[in-house]
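Student: model this:
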Amino acid sequence: MDYLFYLLLLVFLAAAGYVGWMFLKGYLTGQSPTAAIFGPRPEKRLEVVEQSNVDGRRRLVLIRRDDVEHLIMTGGPVDVVIETGIGETRRSRANGEAVEPAAQMVYQRPARAFGQAQQPTEQ
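Tutor: Okay, the predicted model is just below:
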């Protein structure tokens with residue numbers, strides 16, 4: 001019975017020593033003591049920049065992913081990406097300066113005037 005007590009005491013002291021060593025190492029290096037276990041927190045890549053209600057069901061959401069913004073309409077029968085690549089900058093190969101490309105439209109429908117709906121063809 002004494003052997004079991006000393007074994008548990010040794011395991012407890014080893015665990016307490018390891019935790020103490022982690023806190024001391026974290027204090028000396030200036031980082032969180034739990035960084036040794038969990039690692040550093042990764043940089044956020046996705047965030048909601050702005051959102052606006054269109055009506056009772058639909059919502060416009062402007063999201064940013066890796067410094068590129070996307071405009072999305074959610075809540076309808078189908079979620080739609082309205083515009084992508086907002087604020088994306090690329091470097092010109094010739095002189096190395098930043099070039100702001102025009103935002104590309106993802107979904108476009110040709111404009112129709114009243115009465116221009118296509119008539120079904122009879123066969």
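Student: so how far is residue 21 from residue 9?
Tutor: In this view, residue 9 and residue 21 are 18 Å apart by Cβ to Cβ, to the nearest Å. The way it works is simple: take the backbone N, C-alpha and C, and place the C-beta from them, glycine included.
Student: measure residue 60 to residue 79 for me?
Tutor: Per Cβ to Cβ, residue 60 is found 11 Å from residue 79.
Student: wait, residue 50 touches residue 62, no?
Tutor: Yes - between residue 50 and residue 62 there is a contact at 4.5 Å, judged by Cβ atoms under 8 Å.
Student: can you give me the pLDDT of residue 104?
Tutor: Per-residue confidence (pLDDT) for residue 104: 57.
Student: give me the number of residues near residue 70?
Tutor: 19 (other Cβ atoms under 10 Å).
Student: secondary structure class for it?
Tutor: Look at residue 70: counting by DSSP: H, G, I helix; E, B strand; the rest coil, its state is strand.
Student: bridged to it, which residues?
Tutor: Beta-bridge partners for residue 70, by DSSP bridges, are residue 63, residue 84.
Student: now for it: which residues touch it?
Tutor: Residues counted as contacts of residue 70 (Cβ atoms under 8 Å, 6 or more residues apart in numbering) are 62-64, 81, 83-86.
Student: that one and residue 23: what is the separation?
Tutor: With the distance defined as Cβ to Cβ, residue 70 ends up 43 Å from residue 23.
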